[in-house]
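Enquirer: One predicted model, sequence on top.
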Amino acid sequence: MLTEAGCDFYLNLFCRLRTNKGVRMKSSGIGGQAVMEGIMMRNGSEYSVAVRKENGEIEVKKETYKGVGSKCKLFRLPFIRGIFSFVDSLVLGMKSLNYSASLFMEDGEEEEEPGRFEKWLQKKFGDKAEKVIMDLTMVISIILAMGIFMVFPTWVSTLMKPLLGNGIWMALFEGVLRIAIFIAYVGLISLMPDIKRTYMYHGAEHKCINCIEHGLPLTVENVMKSSKEHKRCGTSFLLIVMVISILFFLVIRPETLWLRLVSRILLIPVIAGVSFEFLRLAGNSDNPVVNLLSKPGLMLQGLTTKEPDEKMAEVAICAVEAVFDWKAYEEANFN
């Protein structure tokens, strides 16, 4: 006869096997991102932001967000939808980050005197000033990212032209340099304490989704046992973008630097669209070939996700349950 401890042992073993390999993954369609001391989860047009406040309470906000892709059927076509999905992710991500940050304003803290630029924006745009600042921040962030990860590698590879020529080796050098810069950037910022906690919440987000998509009840115990890597992660998407860009630039090789820069910038939407379709395929497939191609992205998530604690798992569960009926999903797909 099995003792209670023996039953617990076999139950835990079953859960681990089921979480990892025993049950085929079934995509739930939900996704999210880590924010300041919390998690944003999105399911269709609904999204929630769950944040652990300084007093220990979990604050949950649920709202509706209709992205650019919902406004026109053309924007939902394969290879086109990826472009607008990326834009929506940036907008919603920035909005969620700003909300989470606003919860950590200390009570009674005196607001800083607005600078000249902020005063001008408030005078010019009124109540819309905050949205304008958010949009400007996003635009500046995109420009900086393009400069660091697109323009700089192209410029350096051009300097290497006397050694590499204007052929395959030059394109490969540019692509490898771009990936190396990205990995170094991700690794360096992970050393910052605040970013490390964000990566822990990132891990909690993945664990929650993996728990659901492997048919396990959404409890803290099951979430903690689940994998912190997921094939639909934005980290994987960015790596796929860089790898696919190498394939494009092996074929498209303009002679002059300015033509190379223009071609790289113009091809970003095309590359993003192709990358999105591969990520979508990977997130909905257990095909061995697809799994193999997804491995580099999952390995890179070792830098952008960290093991969360149980309190972080609780926040992730709150974010999921606000927008997704996981019990109905598991009843329909696993029972």
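Expert: It's in.
Enquirer: alpha carbons only for contacts and neighbour counts from here, please
Expert: Will do.
Enquirer: Do I have it right that residue 228 meets residue 304?
Expert: No: taking CA atoms under 8 Å as the contact criterion, residue 228 and residue 304 are not neighbours in contact, 9.9 Å apart.
Enquirer: does residue 34 count as helix, strand or coil?
Expert: For residue 34, the assignment made with DSSP: H, G, I helix; E, B strand; the rest coil gives strand.
Enquirer: check contacts around it.
Expert: For residue 34, the set of contacting residues under the criterion of CA atoms under 8 Å, 6 or more residues apart in numbering consists of 40, 198, 199, 201, 202, 205.
Enquirer: Show me which pair in those is furthest apart.
Expert: Maximum pairwise distance in these, criterion CA to CA, is 13.3 Å, between 40 and 199.
Enquirer: So for those two, which residue has more residues nearby?
Expert: More neighbours sit around residue 40 than around the other of residue 40 and residue 199, counting by other CA atoms under 10 Å; the figures are 31 against 24.
Enquirer: so what's that one up against?
Expert: Listed by CA under 8 Å, 6+ apart, the contact set of residue 40 reads 32, 33, 34, 47, 48, 49, 50, 93, 96, 319.
Enquirer: Tell me the secondary structure of it, please.
Expert: strand.
Enquirer: Tell me the spatial nearest neighbour of it, not counting adjacent residues.
Expert: Closest residue to residue 40 apart from its sequence neighbours, by CA to CA, 6 or more residues apart in numbering: residue 49 at 4.3 Å.
Enquirer: list the contacts for that neighbour?
Expert: Shown in contact with residue 49 (CA under 8 Å, 6+ apart): 38, 39, 40, 41, 59, 60, 61, 62, 96, 100, 319.
Enquirer: go on, residue 175?
Expert: With contact set as CA under 8 Å, 6+ apart, residue 175 has these partners: 153, 242, 243, 245, 246.
Enquirer: Show the pLDDT at it.
Expert: The model reports residue 175 with a pLDDT of 93.
Enquirer: In this structure residue 26 contacts residue 214, no?
Expert: Yes: with contact defined as CA under 8 Å, residue 26 reaches residue 214; the gap is 6.8 Å.
Enquirer: more neighbours, those two?
Expert: residue 214 (24 against 19).
Enquirer: confidence score at that one?
Expert: 91.
Enquirer: Over to the one 3 residues further on?
Expert: Per-residue confidence for residue 217 comes out at a pLDDT of 95.
Enquirer: can you check residue 204 too?
Expert: At residue 204, the predicted lDDT confidence score is 97.
Enquirer: Next: residue 110.
Expert: At residue 110, the pLDDT recorded in the model is 52.
Enquirer: The helix or strand residue 299 falls within packs against which elements?
Expert: Under the criterion DSSP states H and E, the helix or strand holding residue 299 is helix 288-304. Using 3 or more CA pairs under 8 Å, 6 or more residues apart in numbering; DSSP states H and E as the contact criterion, the elements in contact with helix 288-304 are helix 168-189, helix 234-251, helix 257-283.
Enquirer: and residue 299, which of the ones you listed is closest to it?
Expert: When the helices and strands packed on helix 288-304 are compared by CA to CA, helix 234-251 sits nearest residue 299, at 9.0 Å.
Enquirer: Please enumerate residues in contact with the closest one?
Expert: For helix 234-251, using CA under 8 Å, 6+ apart, the contacting residues are 167-168, 171-172, 175, 178-179, 271-272, 275-276, 279, 294, 296-298, 300-301, 304.
Enquirer: List the contacts of the residue nearest to residue 81 when sequence neighbours are not counted.
Expert: In space, and not counting its chain neighbours, residue 81 is closest to residue 75: 5.1 Å by CA to CA, 6+ apart. Residue 75 sits next to 68, 69, 81, 84 when contact means CA under 8 Å, 6+ apart.
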